[in-house]
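In: Pasting the sequence and the predicted model now:
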Amino acid sequence: MKRRALAGFGLALGLCSAGPAAAERLVLSLSANEVAIGSNYTGTRLVVFAVIERDSQSVARAGPYEAVVTVRGPREAITVRRKEALGPVWFNRSQQKFVQIPAFLGVFSSRRVQESMSDGLRRRLRIGIDAIVGAPEFTLDRGGEDEPFRAALVRLKGRDGLYVEDPRGVAFVTPDFFRAPIPLPATAPVGNYEVEVTLIADGVMLARRNASFELVKIGIEEQITEAARDRGLVLGLVTAAMSLLFGWIASVIFRRD
Amino acid sequence: MQIYLPIAEMPVSVLLLLGMGAAVGFVSGLFGIGGGFLMTPLLIFLGIPPAVAVATQSAQIAASATTGSLSAIRRGSVDLKLASVLVAGGFVGTTLGVWFFAAMRRAGQLDLVIVVSYVTLFTVIGGLMLAESIREFWSTRRGRPRPRRRGGQHPAYLGWPLRMRFPRSRLYSSIIPIAGAALAVGFVGAVLGIGGAFIMVPALLYLFRVPTAVVIGTSQVQVLCTALLAVVLQATLNGVVDIVLALILIIGGVFGAQFGSQAGRALRADLFRFLLAILVLGVGLRFVVELVVRPAEPFSITGSDVRR
């Protein structure tokens, strides 16, 4: 009873994480805070490590600890369109805009998030892809029509490995130490990635802690990106000169007369 | 072997890109066209953002066209006077087309405009060319070659004012219809995101009766100018030219274009027109299929920076 009251108190404090009232505390560590993209980059894998610290006020839990690691990539604006038939012709007719959604979304947990807590609480805490994508602020709502668009977004992003949910993505090494490998596909965009770790037991949230890492281009890749942004004319002229040069070289090599 | 593309922000197989560059370069060298209408869909199919694909393949077109232009100049099959009229008309058309493109996008019906234009333009032009080719084959086979063009027998529009002599093209014509055709091609090209040489080549062949060899050489020079301009403008205004992708496509493309133009020299003129007709018609039919077949996945995602 006391535990539930404490958890409820924690929620009332604005979903704050490891406040003084909570008995458990999370300590996080990422295997890297910066991931570099070079010319041979084909995706990467980060690991989140977490330790559950208990203090003297901690009560004994009936069930085991469960953990959910949510990774959100840089924000992007996206339009989902649907083709509809008009007579014999199919073309894009209706659309839904998603203004500020994570380009990458990964939910890794120690068991199915649907089994960890009630759906209502899950939606409130944004745990699980359906809860995050289904949240009202996720899109410019236009009534009942937007549900298929949200489903299509998850499906299409999932096909590219950009929206992933893995109910066995978190592994407990000891009862109070766990790790979660985060697979980043090569198409995940550069930018800041937020990692949010939620500790759950007996269907309530005990603690929540955030960390972040950065995906950056280095070396020649970084210089090219900067040049494209700041000195477009120069890059354009260099590219044009390159075309002319290679075209000329080929005509010299193949000259037969 | 994978390499990471810095602007497209994704890794791709180098060998695959080299192969694609070579294949499109071959077609482009064979017909004296840019090949953008083949390369752009291929790149988008690989997952490269459409804006990057459209902008970057211009560099490959420029390289292939350089090779093609140089060998055409050596063979003496370039009409520089005709090419400069085409470039001037095309430039105005491109500017108008870019403006129309933006207006239609604001109106929200760009996708439909693009697909419907592709279908009408390609199937009509391709169909006409194919019909003409088949008629030609037929009469040759019967041993009754159709009468060639005779002196004094010209379409009326060649006699409009501002007449100019293009000795190399064996053409004495008003520059109004020529510049007008170039303007229309530039306009359509800008709207559809293609170079438009494959419209210009049949126009020169059928409307102005320019000899095939001169058509290919001259169109190569025009493609070269347009593509260079497109690369510089896209890099300056939109910053979407991926130089690493461009380099790989160029290397594949220039060699492909060499073999293409050698094959083109060995090709009979009537066969050339037949193959070009098939190619244009094929692209048109592809869009018809896209328009009428029930899509397996009706939904699609586009990012904010994407042109279409």
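Out: Received it, and whenever you're ready, just let me know what you need. Residues are numbered from 1 along each chain as shown, chains lettered A, B, ... in the order given.

In: Just give the number of residues close to B:V12.
Out: By the criterion of other C-beta atoms under 10 Å in any protein chain shown, B:V12 has 22 neighbours. All C-beta spots, glycine's among them, are computed from the backbone N, C-alpha and C.

In: Please read the previous query as pertaining to B:D270.
Out: Per other C-beta under 10 Å, the neighbour tally for B:D270 reads 15.

In: Just the element for it, please.
Out: Per DSSP states H and E: B:D270 is located in helix B:269-292.

In: neighbouring contacts of that helix?
Out: Contact partners of helix B:269-292, identified using C-beta atoms under 8 Å, 6 or more residues apart in numbering or on different chains, comprise A:88-91, B:27, B:30-31, B:37-38, B:115-116, B:118-119, B:121-127, B:129-130, B:132-134, B:136-137, B:140, B:198, B:201-202, B:205, B:212, B:264, B:267.

In: So which of these sit within helices?
Out: For these, membership in helices holds for B:27, B:30-31, B:37-38, B:115-116, B:118-119, B:121-127, B:129-130, B:132-134, B:136-137, B:140, B:198, B:201-202, B:212, B:264, with DSSP state H as the criterion.

In: Mind checking which of the residues you listed are buried?
Out: By neighbour count, with 16 or more other C-beta atoms under 10 Å in any protein chain shown, the ones in helices among the contacts of helix B:269-292 hold B:27, B:30-31, B:37-38, B:115, B:118-119, B:121-123, B:125-126, B:129-130, B:132-133, B:136, B:198, B:201-202, B:212, B:264 as buried.

In: From the residues you listed, list the ones also adjacent to chain A.
Out: Restricting these to those touching chain A (C-beta under 8 Å from any C-beta of the partner chain) yields B:V115.

In: and A:L153, what does it touch?
Out: The contact partners of A:L153, taken as C-beta under 8 Å, 6+ apart, are A:78, A:80, A:98, A:101, A:133, A:163, B:301.

In: Where does the fourth one fall, secondary structure wise?
Out: Read it as A:I101. Here A:I101 is assigned to strand A:89-102, by DSSP H and E.

In: partner strands of that strand, parallel or antiparallel?
Out: Using DSSP bridges, the strands paired with strand A:89-102 are strand A:75-86 (antiparallel).

In: Not counting the strand it pairs with itself, show me its contacts.
Out: A:90-103, A:148-149, A:152-153, A:156, A:189, B:294-295, B:298-304.

In: rewinding a little: tell me the buried residues in the helix holding B:D270?
Out: The neighbour-count check on helix B:269-292 (16+ other C-beta under 10 Å) flags B:272-277, B:279-281, B:283-284, B:287, B:291 as buried.

In: Show the average pLDDT along it.
Out: Throughout helix B:269-292, pLDDT has a mean value of 82.

In: same deal with stretch A:159-170?
Out: The average pLDDT within stretch A:159-170 is 92.

In: buried ones in it?
Out: A:161-165, A:167, A:169-170.

In: Tell me the one of those nearest chain B?
Out: Each of the buried residues of stretch A:159-170 was scored against chain B by C-beta to the nearest C-beta, and A:L162 proved nearest at 10.0 Å.

In: Now the closest one. Its backbone dihedrals?
Out: Note on A:L162: backbone dihedrals following degrees, to the nearest 10 are phi -90, psi -30.

In: Please report the distance of it from B:S77.
Out: 51 Å (C-beta to C-beta, to the nearest Å).

In: Could you pull up the residues touching A:I220?
Out: Neighbouring residues of A:I220 by C-beta under 8 Å, 6+ apart: A:39, B:6.

In: Skip the chain neighbours and tell me the closest residue to the closest residue to chain A within the stretch 51-200 of chain B.
Out: Taking C-beta to the nearest C-beta, chain A has its nearest neighbour within the stretch 51-200 of chain B at B:T66, 2.5 Å off. Residue nearest to B:T66 in three dimensions, not counting chain neighbours: A:G247, with 2.5 Å by C-beta to C-beta, 6 or more residues apart in numbering or on different chains.

In: any idea which helix or strand carries that neighbour?
Out: Assigned by DSSP H and E, A:G247 belongs to helix A:232-253.

In: What parts of the stretch 151-257 of chain A come near chain B?
Out: By C-beta under 8 Å from any C-beta, the residues of the stretch 151-257 of chain A that approach chain B are A:152-153, A:155-157, A:160, A:186-187, A:189-190, A:217, A:220-222, A:224-225, A:228-229, A:232-233, A:235-240, A:242-244, A:246-251, A:253-254, A:257.

In: Next to chain A in this structure, residues from the stretch 1-150 of chain B, please.
Out: By the rule C-beta under 8 Å from any C-beta, the part of the stretch 1-150 of chain B lying against chain A is B:2-4, B:6-7, B:9-11, B:47, B:59-60, B:62-67, B:69-71, B:74, B:111-112, B:115.

In: how about low-confidence regions in chain B?
Out: Scanning chain B with the threshold set as pLDDT under 70 gives B:102, B:105-112, B:143-154, B:193, B:195, B:303-308.

In: Please enumerate the strands of chain A.
Out: Counting by DSSP state E, chain A has these strands, from start to end: A:24-30, A:34-37, A:44-54, A:66-72, A:75-86, A:89-102, A:105-109, A:163-166, A:171-174, A:177-184, A:191-201, A:204-217.

In: Of the ones you listed, which is nearest B:S219?
Out: B:S219 sits nearest to strand A:89-102 of all the strands of chain A, at 32.3 Å, using C-beta to C-beta.
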